[in-house]
Structures are given as C-alpha cells and as structure tokens.
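In: Sequence and predicted structure below; questions after.
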Amino acid sequence: MGLPPSLVVWKYVLRNALTSTVTQIGLLSGVLLGGAVVVERVFDWPGLGHYAVNSIVMSDYNAVMSFTIWVALIYVVINIAVDIVHALIDPREIAS
C-alpha cells in the first residue's frame, strides 16, 4: 500500500499485540499476589503475606478473612483496569 514500515508497526501491529499483552499482565497479577505470600514466608520478610500465614497458623480467622478480602479486592480492581485499557486500545471490543 506504500505505507512506511514504522507507521504499519505503530498503527496496526502494536494495537493488536497490546491486547494480548494487557490480558497476560492482568492474569499474572493473581499469580504475583499469591507468590508474594510464599516469598515473604520463605525469606522471613515482614509483610501482609507473612501476616496471613501467621494468622492461618494461629487460627485467627478474622485476620485470614480480611486478608482474603483485601487480595480479592486488589485482583478485582486490576481486572477492571485491564478491561478499561482494553476498551481504550480497541474500541471495537465494547460492542461484542
């Protein structure tokens, strides 16, 4: 069509590549949240993951529930942000 390669990459290729990249980032956020708990426990770092494991060991159910709700809220917010970014990247996906 006579378009320069840089225009083809920025206008057509990047938009299609970004949708799957953004989706993977959103899906991996849950893995990262769960992995933070394991890393904090293994390396004995103070943090929410370490607190959650100690709460499970000591049967502190209120702390376990609050940690679970907090992690779920973070995951939901990340997924909503991914949906918004998808709508900004490709507005055609809103109609489907």
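Out: Yes, it's here. Residues are numbered from 1 along each chain as shown.

In: got a list of what Ala52 touches?
Out: Taking C-beta atoms under 8 Å, 6 or more residues apart in numbering as the criterion, Ala52 is in contact with Val37, Ala63, Val64, Phe67. The C-beta positions use only the backbone N, C-alpha and C, and glycine is treated the same way.

In: What is the most widely separated pair among these?
Out: Pairwise distances among these were taken by C-beta to C-beta; the largest, 13.3 Å, belongs to Val37 and Ala63.

In: Looking at those two, which one has more neighbours?
Out: For Val37 versus Ala63, neighbours defined as other C-beta atoms under 10 Å are more numerous around Val37 (19 against 15).

In: Hmm, the more buried one is touching Gly49, no?
Out: Yes. Contact status for Val37 versus Gly49: in contact at 3.4 Å, counting by C-beta atoms under 8 Å.

In: who does the helix or strand containing Ile80 touch, helix- and strand-wise?
Out: Taking DSSP states H and E as the definition, Ile80 sits inside helix 61-89. In terms of contact count using 3 or more C-beta pairs under 8 Å, 6 or more residues apart in numbering; DSSP states H and E, helix 61-89 is assigned the packing partners helix 14-42, helix 48-57, helix 92-95.

In: among those, which is the most enclosed?
Out: helix 48-57 (a mean of 16; mean count of other C-beta atoms under 10 Å).
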